[in-house]
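**Q** here's my sequence, what's the structure:
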Amino acid sequence: MWVIDAKRYKGRPDLKIEGGILSPRVEKLTVGGRDRTKLVDGVLKQMDLVRAVVGDLPVFGALCFIEADWPLIAGTFRTRGVHVLMPRKLRKLLTEQTGEVDVAATHRALATHFPPA
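**A** So this is what the prediction gives:
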């Protein structure tokens, strides 16, 4: 099960790591130099809500930046278990996943708990 939050932000996504040896390690997501760590917090919260409904199914999270200034090589990363990537890399990641899920039953369960806005 994937929780994907697509964003149309300008600038380069980057992972800033502070602390680590004598102080707690803190990971911050920046886009175009601006702190966007709250976006990761939002995906993690959504993942927890979905996890509470789907039970034993693994739940993965992704932030997909549509118009970001991604470098030609690499550029994608994970922070706190959330993938941060461009659409092309997300498509590749999703098509590599395998497993069997009762899609209809999972859809019903999610639709019951999360009605349309």
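**Q** three-state assignment of the residue of the chain positioned farthest from its centre?
**A** Distance from the C-alpha centroid of the chain, by Cα atoms, centre = their mean, peaks at residue 22 (28.8 Å). Each residue gets one of three states, and residue 22 gets coil by DSSP: H, G, I helix; E, B strand; the rest coil.
**Q** and for stretch 34-52, what's in contact with it?
**A** Where contact means Cβ atoms under 8 Å, 6 or more residues apart in numbering, the residues beyond stretch 34-52 that reach it are 1, 3, 5, 7, 9, 11, 13, 27-30, 59-63, 79-82, 84, 110, 113-114. From N, CA and C alone the C-beta is placed, and that goes for glycine too.
**Q** so which of those residues belong to strands?
**A** Among the contacts of stretch 34-52, the members found in strands (DSSP state E) are 3, 5, 7, 13, 27-30, 60-63, 79, 82, 84.
**Q** of those residues, buried ones?
**A** If you count burial by 16 or more other Cβ atoms under 10 Å, the buried members of these come out as 3, 13, 29, 60-63, 79, 82, 84.
**Q** and the residues you listed as CSV, adding distance to residue 99 and pLDDT?
**A** Converted to CSV, those look like this (distance: Cβ to Cβ, whole Å; pLDDT from 0 to 100):
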residue, distance to residue 99, pLDDT
3, 16, 95
13, 28, 96
29, 28, 97
60, 11, 95
61, 17, 97
62, 17, 97
63, 22, 97
79, 24, 96
82, 20, 98
84, 23, 97
